[in-house]
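# below are the sequence and a predicted model for it; my questions follow.
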Amino acid sequence: MITSDPPRPDRVTGRRHIAARVDDVVNALRNRLFRRRGWRPRIVPYTGYGSTHEVRLLARVLLAPPVTDRDPRMDAAADPDPDSTAARQRATRGWRRFLTTPIPAARVEVDVDGSTYHLVTDRRGYLDARIAVTLPAGWHDLPIRVDRGRPSRLRVRVVGDEPTLGIVSDIDDTVMITHLPRPLLAAWNTFVLRESARVAVRGMAELYRQILAAHPQAPVIYLSTGAWNVAPTLTRFLARHGFPEGPLLLTDWGPTNTGWVRSGRQHKHDTLRRLGRELPQVRWLLVGDDGQHDPQIYDDYAAEHPQQVLGIAIRRLTATQQALTTTATHRAPAPHVPTVRGKDGFALVAALRAAGLPPR
């Protein structure tokens, strides 16, 4: 059985916003032009998650130039070996990720435990589907195909039915520093060409690894307002700096049915609520920074669902980083859940232990 997603803000009835209509017209013209030039569908798989009875599959289908096995532009996601380091390094980086065109209503097939599911992408080429399954806890690689395109695999993290701890982590200024003002941060994260140009926050990878050492079944979710286009680059950055593997839940920067852009803040609010519905057995440690809206978003969710929040850990930005942050927030800790603060991962480890929270 295939289950529909909860309604998104851009899924509305009635007349669509001019932004969406213009975007659809331009995309249709690009599809016709590039197909005449021999461009083919390419699957960009994203890491999904779910329970033993239902999983969320995430991917995108794009038109891209035809490639060969020796072409350095070959998308790592299309490599038949998803664990191949060489394949990851071949993945297209930075601005090249935007030289593709989404394929709306693309029909894809996904194989799960002997059954084949027939799914369709949305107007921006995204596949975001929940399907009923019977899968054991752990990691699974699910074959996915599209007509005339290179097959790939969807990586899915299945969380067991027993109560467990989980981590929801922000990315920018929480695990990664770019030393740029917020107005430039999004553009930098989108168009930077090398992972080495980004700096990991001290001790954050060690914090997450320590928690997983004590709670090996804990899922790790990376929640960010960054664009889906840079998911492969962010995945390589996290792996390179020793962060645990986990789904990235990002957003689409394209026009919506209600406006030109989506609200990043609403994206985080909605995603936390969705995780609470889909994985009710998990109590989350919410990790973010005080440079923008994380404290308020986490406090609001903890107030709504205190039984699903184990604690809140906020990385305290330096004075320089605060000066570059245009929307810094200064809030008192939420009274309903333990909240700790620290300048980096090492300080947060000590603060969490002092509060009686993992790692311990």
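That came through fine.
# would you map the helices across the stretch 101-250 of the chain?
For the stretch 101-250 of the chain, the helices defined by DSSP state H, counting those that start in this stretch cover 182-191, 204-214, 231-240.
# what does the pLDDT read for Arg16?
Per-residue pLDDT puts Arg16 at 68.
# meant to ask about Tyr298, not that
pLDDT, Tyr298: 96.
# neighbours of it, just the number please.
The tally of other residues near Tyr298 (other C-beta atoms under 10 Å) stands at 27. Every C-beta, even on glycine, is put in place using the N, C-alpha and C of the backbone.
# from Ile131, how far off is it?
Distance, Tyr298 to Ile131, by C-beta to C-beta, to the nearest Å: 30 Å.
# doesn't Val133 make contact with Val110?
No: using C-beta atoms under 8 Å as the test, Val110 is too far from Val133 to be in contact (10.5 Å).
# rank the helices of the stretch 101-250 of the chain by pLDDT, which is bottom?
helix 182-191 (a mean of 56).
# quick one: low-confidence ranges for the stretch 151-300 of the chain?
Within the stretch 151-300 of the chain, the ranges that satisfy pLDDT under 70 run 178-197, 253-264.
# go with 90
172, 177-199, 225-230, 232-233, 252-265, 291-293 (pLDDT under 90).
# would you state the strands of it in chain order?
Assigned by DSSP state E, counting those that start in this stretch, the stretch 151-300 of the chain shows strands spanning 152-159, 164-169, 176-177, 199-200, 220-227, 248-251, 282-289.
# and Lys268, which of the ones you listed is closest to it?
strand 220-227 (6.0 Å; C-beta to C-beta).
# which strands or helices does that closest one pack on?
Judged by 3 or more C-beta pairs under 8 Å, 6 or more residues apart in numbering; DSSP states H and E, strand 220-227 is in contact with strand 164-169, helix 182-191, helix 231-240, strand 248-251, helix 264-278.
# what packs against the first one?
Same thing as strand 164-169. Counting by 3+ C-beta pairs under 8 Å, 6+ apart, strand 164-169 packs on helix 204-214, strand 220-227, strand 282-289.
# export that strand as CSV, just CAs?
This file holds the C-alpha atoms of strand 164-169, laid out as CSV (Å, rounded to 0.1, in the frame of the first residue of the first chain):
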residue,chain,number,x,y,z
THR,A,164,14.8,4.6,21.6
LEU,A,165,16.8,7.8,21.6
GLY,A,166,17.3,9.8,18.4
ILE,A,167,19.2,12.9,17.3
VAL,A,168,17.8,15.7,15.2
SER,A,169,20.7,18.0,14.2
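# can you offset everything so residue one is 58?
All right, first residue 58 from here; so that's strand 221-226.
# circling back: any chance of the helices and strands packed on strand 277-284 in JSON lines, plus distance to Tyr183 and mean neighbour count?
Shown next, in JSON lines, are these (distance: least, C-beta to C-beta, whole Å; neighbours: other C-beta atoms under 10 Å):
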{"stretch": "strand 221-226", "distance to Tyr183": "21", "mean neighbour count": "22"}
{"stretch": "helix 239-248", "distance to Tyr183": "17", "mean neighbour count": "15"}
{"stretch": "helix 288-297", "distance to Tyr183": "12", "mean neighbour count": "21"}
{"stretch": "strand 305-308", "distance to Tyr183": "10", "mean neighbour count": "22"}
{"stretch": "helix 321-335", "distance to Tyr183": "14", "mean neighbour count": "17"}
